[in-house]
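[1] starting from these lines, generate the structure:
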Amino acid sequence: MKDKTRIRKKFVIEGVIALFIAISPILFYGYKYLPVGAKTWTFLGIEFTDNGFDDDVSLAFYYYLNKLIPLLLLVIWFVTSKNWWYHAILIPIAMYSFQLYTVLNYSNSERIDENEILYVIAVTMVVIPVVYFIRVKLVDKHVHGIDLEAMDTELQILKEKEELRKEREKLEQRKKTASKKM
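    Here you go, the predicted model:
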């Protein structure tokens with residue numbers, strides 16, 4: 001019974017994700033369906049304003065949707081990816097996140113999509129070494145056949161053998177000294 005509910009829940013989640021991906025082009029161009037030149041727009045009782053974008057709510061939604069939809073698609077890709085390099089997707093996610101933050105906090109004097117690169121560089125400086133480290137580990141293991149855990153266990157076995165050899169030599173020395181005393 002648990003398996004059926006778990007499978008049903010998985011199908012519902014995957015269906016919602018697939019539906020969102022399928023309608024993402026419509027959502028991306030949703031600003032075209034808004035009234036041009038309007039300062040406000042009311043949808044389901046929620047009033048949206050122009051937020052300083054030249055007294056035009058459709059222009060505000062142009063910027064919102066051009067940042068939000070690719071960001072959500074990248075997050076879906078990051079969460080569902082099974083590739084070893086999926087951490088690299090964090091770089092465009094960070095870029096769109098910083099851009100969306102700038103657009104949502106827009107004032108008339110700001111320029112959009114200019115200074116976010118400085119923040120993205122900081123994220124890139126963290127993500128690239130992580131991705132490279134994962135790549136090196138995978139290349140060593142699968143291409144060169146180097147398994148670090150197997151090497152560690154082999155070294156441990158060699159250490160134990162060396163300790164046993166030294167212990168045997170000590171015992172033989174004691175045996176020789178004991179036989180000389182007799």
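[2] longest helix of the chain?
    Taking DSSP state H as the assignment, the helix of the chain that covers the most residues is helix 148-181.
[3] off-centre distance for that helix?
    Taking the mean of its C-alpha atoms, helix 148-181 sits 48 Å from the chain's own mean (C-alpha atoms, centre = their mean, to the nearest Å).
[4] which strands and helices sit next to it?
    Counting contacts by 3 or more C-beta pairs under 8 Å, 6 or more residues apart in numbering; DSSP states H and E, helix 148-181 packs against no other helix or strand. Placement of C-beta: from N, CA and C, glycine included.
[5] how much space separates F20 from L72?
    7 Å (C-beta to C-beta, to the nearest Å).
[6] where do the strands sit along this structure?
    40-43, 46-49 (DSSP state E).
[7] and those as JSON lines, adding mean neighbour count, distance to I91 and mean pLDDT?
    Converted to JSON lines, the strands of the chain look like this (neighbours: other C-beta atoms under 10 Å; distance: least, C-beta to C-beta, whole Å; pLDDT from 0 to 100):
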{"stretch": "strand 40-43", "mean neighbour count": "11", "distance to I91": "33", "mean pLDDT": "76"}
{"stretch": "strand 46-49", "mean neighbour count": "11", "distance to I91": "30", "mean pLDDT": "75"}
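[8] next, format the ones you listed as TSV and append distance to E114.
    Below are the strands of the chain laid out as TSV (distance: least, C-beta to C-beta, whole Å):
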stretch	distance to E114
strand 40-43	27
strand 46-49	24
